[in-house]
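**Student:** Fold the following for me, if possible:
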Amino acid sequence: MGRSTNRALGGGEMPAKPCAGPVSRRSFLEIGAIGATGLGLSDLLRLRAEAGTTTVADDTAVIFLWMSGGFSHIDTYDMKPEAPAEYRGDFKPVKTNVPGIEVTELFPLHTKVADRFSLIRSISHDFGDHGGGHKRMMTGRIPKTPVGFVNDAPACPSIVAKMRDHIARGLPHSIYMTGDYHNVDIFSLGSAYLGPAYAPFSIPGNPSRKGWQVNNLALANDMATRLADRRSLLEGVDRLRRDVDRSGAMAAMDRFNTKAYDLLTSEAARNAFDLSQESAEVRERYGNHSWGQRALLARRLVEAGSSFVSVVMENPDIPGGLPFGTTGNWDCHAINCHIFTDLRYRAPYYDQIVTALIEDLYNRGLDKRVLVVATSEFGHTPRLEYQVGTATGVKQPGRDHWPRAMSTLVSGGGLRMGQVVGSTNAKGEDPKDRPLTPNDLWATIYRHLGIDTTHSFLDHSGRPNPILPFGSPIRELI
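**Tutor:** Modelled structure (predicted):
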């Protein structure tokens, strides 16, 4: 498991071994069921039906781009060209099509669509460990422990799934796409006291690979017929069982099994996951790599009716593997990678998919209905560190964890675009103007989705907990 250092919060020793980033993948068991729950689809639907929800607007959605490991704000969206060399790094800011908005020179495509996004530069929190940072960002709550990835409160995407459970679209309302693993706790996306029914639907793997399919939904060529035959057989048996079922439980189970069957065979789900329906031009614009095709699939899923799609962007999974001097996620410690080599490698892919997604949503008239959020668990230290890299064997620059300042991009959602909200001080260390918290970001997201943040759920002890304990929508955006 990756660990932070005290230096990220102002002092202490550097780590003696590589920071593995958000989690050691081998620390989780691979589970071939939905999410990490071990439940069948009909069980998932049954559990969801057992809990009530309140009515919300049903025509909005969110695509949540997650840069696991921490996003270096000072090298990307909050550059400080006048700061001392040990802060500002190798890259220069460039102007965009909106006066006053500058981004790193590594994002040339961003410069053409700055009127269609806004940057938030003043979000901060107090959790410098990957686990604590994930929990703080994903739940909108102060976690009980500063380390570890298992939520003690529901992740916000699970809350969205519960609040929209009454809306039938033929697709799960919370979906997350990531690498070749399922467990939702890897990114603190657990549903906690809401129950496993509201854990996000996991879509692992690289959609750009030949033969990729969604294991939880895909059917072999002859499986639809076999499934229909099996359903007919079971219906015959169930009719006999219902004759002696006086409690009504069997009839209820029929209802859940029917929903599961409908999802597995629904045209909406089948079409939404079928990337071959997109033109070669569109697929190439997003990029023929895991990040690009996940982002494109996310657009298809929200367009088809899903409410919240989380897209994890770690290794873009390019043929040939990671180049020398780079790392698998955004955790740019000197011991993990040469930060500037690493950014030169991953920045073009990020620049490509973010701008492709923004342009696609606007061109398709989805910019009011769909909100894009690109963020991570924290920023990275404004002051560079130097250490011998584990893989390179030479002394190289890097940056440590830094929750005191971070940058977030938002686009669409009917919000006000083409602006910068907040600022940090001259060295990018702390918010200077308009200090905000992760809760303010989530309050803005919930507002877009029409979700009342004062609505409460009972935790395991029976105590009511509001969706957000504090935070307000960011007024500059609304």
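**Student:** use CA for all of it now, contacts and neighbours both
**Tutor:** Noted.
**Student:** show me where the stretch 1-150 of the chain has strands.
**Tutor:** Taking DSSP state E, counting those that start in this stretch, the strands of the stretch 1-150 of the chain run over residues 61-66, 93-95, 102-104, 118-123.
**Student:** For Ile467, find the nearest of these.
**Tutor:** Evaluated with Cα to Cα, these place strand 61-66 nearest to Ile467, the distance being 17.1 Å.
**Student:** what about His455, how many residues close to it?
**Tutor:** His455: 14 surrounding residues under other Cα atoms under 10 Å.
**Student:** likewise the one 4 residues further on?
**Tutor:** The number of residues packed near Asp459 is 16, by other Cα under 10 Å.
**Student:** The closest residue to it other than its chain neighbours: neighbouring residues, count only.
**Tutor:** Across the structure, with Cα to Cα, 6 or more residues apart in numbering as the measure, the residue nearest Asp459 apart from its sequence neighbours is Tyr193 (5.2 Å). Tyr193 has 17 neighbours, counted by other Cα under 10 Å.
**Student:** Same question for Gly321.
**Tutor:** By other Cα under 10 Å, 10 other residues sit near Gly321.
**Student:** and if you look at Gly211?
**Tutor:** So Gly211, with other Cα under 10 Å, has 7 neighbours.
**Student:** Now do the same for it: helix, strand or coil?
**Tutor:** Of the three states, Gly211 takes coil according to DSSP: H, G, I helix; E, B strand; the rest coil.
**Student:** Mind pulling up the pLDDT for it?
**Tutor:** Per-residue confidence at Gly211 stands at 85 (pLDDT).
**Student:** Distance check, it against Ala295.
**Tutor:** Applying Cα to Cα, to the nearest Å, the value for Gly211 to Ala295 is 18 Å.
**Student:** repeat for Val282
**Tutor:** Computed as Cα to Cα, the Val282 to Ala295 distance reads 12 Å.
**Student:** So for those two, which sits in the more crowded spot?
**Tutor:** More crowded of Val282 and Ala295, by other Cα under 10 Å: Ala295, with 27 against 12.
**Student:** Whichever strand or helix holds the more buried one vs strand 61-66, what angle?
**Tutor:** Assigned by DSSP states H and E, Ala295 belongs to helix 290-304. On the basis of axes from the mean of the first three to the mean of the last three Cα atoms, to 10 degrees, helix 290-304 is oriented at 160 degrees to strand 61-66.
**Student:** avg pLDDT for helix 290-304?
**Tutor:** In this model, helix 290-304 has a mean pLDDT of 96.
**Student:** same for the helix or strand just after that helix, what does it pack against?
**Tutor:** Next helix or strand after helix 290-304 toward the C-terminus (DSSP H and E): strand 308-312. Helices and strands touching strand 308-312, by 3 or more Cα pairs under 8 Å, 6 or more residues apart in numbering; DSSP states H and E, are strand 61-66, helix 156-163, strand 174-178, helix 290-304.
**Student:** Ok, which of these comes nearest Pro469?
**Tutor:** Of all these, helix 156-163 comes closest under Cα to Cα, at 12.5 Å.
**Student:** tell me how far the longest helix along the chain is from the chain's mean position?
**Tutor:** For the chain, the helix reaching the highest residue count under DSSP state H is reported as helix 339-363. Per Cα atoms, centre = their mean, to the nearest Å, the displacement of helix 339-363 from the mean C-alpha position of its chain is 16 Å.
**Student:** for that helix, packing partners?
**Tutor:** helix 280-286, helix 290-304, strand 395-398, strand 406-412.
**Student:** what angle do the longest one and helix 339-363 make?
**Tutor:** To tie it back to what came earlier, the one meant is helix 290-304. With the same axes, to 10 degrees defining the directions, helix 290-304 sits at 20 degrees from helix 339-363.
**Student:** Other residues contacting helix 290-304?
**Tutor:** 61-63, 169, 171, 177, 205-208, 268-269, 272-273, 275, 283, 286-287, 308-313, 316-318, 349-350, 352-353, 357, 361, 366, 370 (Cα atoms under 8 Å, 6 or more residues apart in numbering).
**Student:** now the strands: where do they sit in the stretch 351-478 of the chain?
**Tutor:** Residue ranges of the strands in the stretch 351-478 of the chain, as given by DSSP E, counting those that start in this stretch, are 370-375, 379-380, 385-388, 395-398, 401-402, 406-412, 420-421, 423-424, 431-433, 456-458, 464-466.
**Student:** Could you list every helix and strand in contact with the last one?
**Tutor:** I take that to be strand 464-466. Strand 464-466 is packed against strand 456-458, with contacts defined by 3+ Cα pairs under 8 Å, 6+ apart.
**Student:** What average pLDDT does the strand it packs on get?
**Tutor:** Mean predicted confidence for strand 456-458 is 97.
**Student:** now swap in stretch 417-430 and tell me
**Tutor:** The average pLDDT within stretch 417-430 is 98.
**Student:** For that stretch, what is the distance to the chain centroid?
**Tutor:** From the chain centre to the centre of stretch 417-430 is a distance of 23 Å (Cα atoms, centre = their mean).
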